[in-house]
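Chemist: My questions are about this predicted structure, shown below with the sequence.
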Amino acid sequence: MTTFRRRDRTWSGGRIALAAAFVMMLVAAAPGRSDAEALTVVLDQAKLVKVPDRIATLVIGNPLIADAALQAGGTIVLTGKGYGTTNLIALDRGGRVLMEKTVRVAAPKESVFVFRGTERQTYSCTPKCERQIMLGDSDAAFAAILGQTAARNGQAQGAAR
């Protein structure tokens, strides 16, 4: 066991680790500037965000996590494409930064995740539980639902002709 001595107190390695963990927990829980300015969007959903009118270019740090489309009248459509955090930068015609935000993509609150060992399947339970395709599901569950959806869409397109 490691022991540190400071003034007339003795601190063991375990106490120091516990104190460090407590301090890190407080820092993580404190609302920071980026948390206050973060935009949160739900996976596979779109959100309208009001932005300055002078925006000419939108930059998304990781397009696998989110997508943004500029609309007339100072609005962007922000779409959650994958779990995680990325950033959004808005530039004017001169290349000046008008806005920079953190973008977080979260799971839908009404989703229920069922685990069978390491296999995961997602259900949407509003108002009754039905299987849905969600990133992170097991390959078998994902492929089965995707196949059924593709077959159904194919039949719908064939019937429309």
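Modeler: Okay, I see it. These numbers were taken from a predicted model, which means no experiment stands behind them.
Chemist: How about the contacts made by residue 118?
Modeler: residue 138 (Cβ atoms under 8 Å, 6 or more residues apart in numbering). For glycine as for every other residue, the C-beta is placed from the backbone atoms N, C-alpha and C.
Chemist: Begin at 380, not 1, for the rest of this chat.
Modeler: From this message on, residue numbering opens at 380, which makes the last subject residue 497.
Chemist: quick one, phi/psi of it?
Modeler: Main-chain torsions, residue 497, degrees, to the nearest 10: phi -90, psi 0.
Chemist: Look up how far residue 520 lies from it.
Modeler: With distances taken as Cβ to Cβ, to the nearest Å, residue 497 is found 12 Å from residue 520.
Chemist: likewise residue 476?
Modeler: Taking Cβ to Cβ, one finds residue 476 at 42 Å from residue 520.
Chemist: higher neighbour count, the two?
Modeler: Set residue 476 next to residue 520 and count neighbours by other Cβ atoms under 10 Å: residue 520 wins out with 19 against 10.
Chemist: In a helix, the more buried one, correct?
Modeler: Yes: according to DSSP: H, G, I helix; E, B strand; the rest coil, residue 520 belongs to a helix.
Chemist: Verify the stated contact: it with residue 502.
Modeler: No: applying Cβ atoms under 8 Å, one finds residue 520 not in contact with residue 502, separated by 10.3 Å.
Chemist: any shared contact partners between the two?
Modeler: Common neighbours of residue 520 and residue 502 (Cβ under 8 Å, 6+ apart) are residue 510.
Chemist: In the sheet, which residues pair with the most centrally placed residue in the chain? Tell me.
Modeler: When Cα atoms, centre = their mean is applied to the chain, the residue found nearest the centroid is residue 484 (1.7 Å). Taking DSSP bridges as the rule, residue 484 bridges to residue 420, residue 463.
Chemist: check contacts around it.
Modeler: By Cβ under 8 Å, 6+ apart, the residues touching residue 484 are 419-422, 444-445, 459-464.
Chemist: and it, what pLDDT?
Modeler: The score at residue 484 is 96. That number is its pLDDT.
Chemist: and it, how far is that from residue 454?
Modeler: Distance of residue 484 to residue 454, given as Cβ to Cβ: 19 Å.
Chemist: Pop the domain breakdown of this structure in here.
Modeler: Here the domain parsing of the chain from automatic domain parsing is 413-485, 490-539.
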